[in-house]
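Engineer: kindly return the folded structure for what I paste below:
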Amino acid sequence: MTHSSQQRGHWLARTLVPLALLAAGVRSECISLAQSKACPSFNKFQVDTASAAKINQMAQDIGITMGTFSTVDTLDQAIWNATAFYSSSTCTGYTSSQRIRYQDSVLCTILVQDKSSVQCADGAPNLCQYSCSLYATQLKTMIEKACPSDKTSLEKLGTLSGDVCTEAKSWSGLVDSGSSCVNATTNEAATCGKSISNFSPPSAPPSPLPLARSLP
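Structural biologist: Alright, predicted model coming up:
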């Protein structure tokens, strides 16, 4: 074997081994949302455990990233703990732990409509366009408060408001106006659009004082 042949052989080995490991790592399975607390309006559908990769592809556009999951409980946690919109380093007064209201519904929709999840259960509903607009409005409010003059942040806001929630260039499943679309305010009614980790239930009203008895 010539020296060049040996080099090609070593290169091929170095290439095939990582590819084999990658192929072994993409095995996934379907998870029912019947018991999901983050996606109750999608309880008849399933998601593929590999679908989190689709969410993370959004990072370059609006900055959402979420962890992997293997059960419905870890799926809920991944949705609740997903980062929110991130801006440039010049945007001060903002951390990625801040959440945008109704983000959970956006994530649920993208997860169930992922190509791999559709193979688990087809026919998943779209998110109502109004719900997507609510999400974009919350993002706008946050940007205007944290970094109103930051060019990168404003560009990302334009991407979300235009491409995602209006023209559906990126996610057609988020701009439905039909009667069967999922309403985010219904899906997240239990938390008023906030994640569990950021939701503080209203405190119970104080017990009424006993009525004073009138003296005889």
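Engineer: setting aside sequence neighbours, what's the nearest residue to Ile79?
Structural biologist: Ala38 (4.3 Å; CB to CB, 6 or more residues apart in numbering). For the C-beta atoms, the positions are set from N, CA and C on the backbone; glycine is no exception.
Engineer: that neighbour: neighbour count?
Structural biologist: 25 (other CB atoms under 10 Å).
Engineer: any figure for the gap between it and Pro148?
Structural biologist: Note on Ala38: its distance to Pro148, by CB to CB, to the nearest Å, is 31 Å.
Engineer: got a pLDDT number for Ser96?
Structural biologist: Turning to Ser96, the model gives it a pLDDT of 63.
Engineer: just use 12 as the starting number from now, easier for me
Structural biologist: Yes, from this point I'll number from 12; that puts the last item at Ser107.
Engineer: residues in contact with Ile121?
Structural biologist: Contacts for Ile121 were tallied using CB atoms under 8 Å, 6 or more residues apart in numbering; they are Ser62, Lys65, Ile66, Met69, Trp182, Gly184, Leu185.
Engineer: that older thread, okay but the residue nearest to Ile90 is in contact with Val117, surely?
Structural biologist: No - counting by CB atoms under 8 Å, Val117 is not a contact partner of Ala49; they are 11.3 Å apart.
Engineer: and the residue nearest to Ile90, helix, strand or coil?
Structural biologist: Here Ala49 takes the coil state, with states given by DSSP: H, G, I helix; E, B strand; the rest coil.
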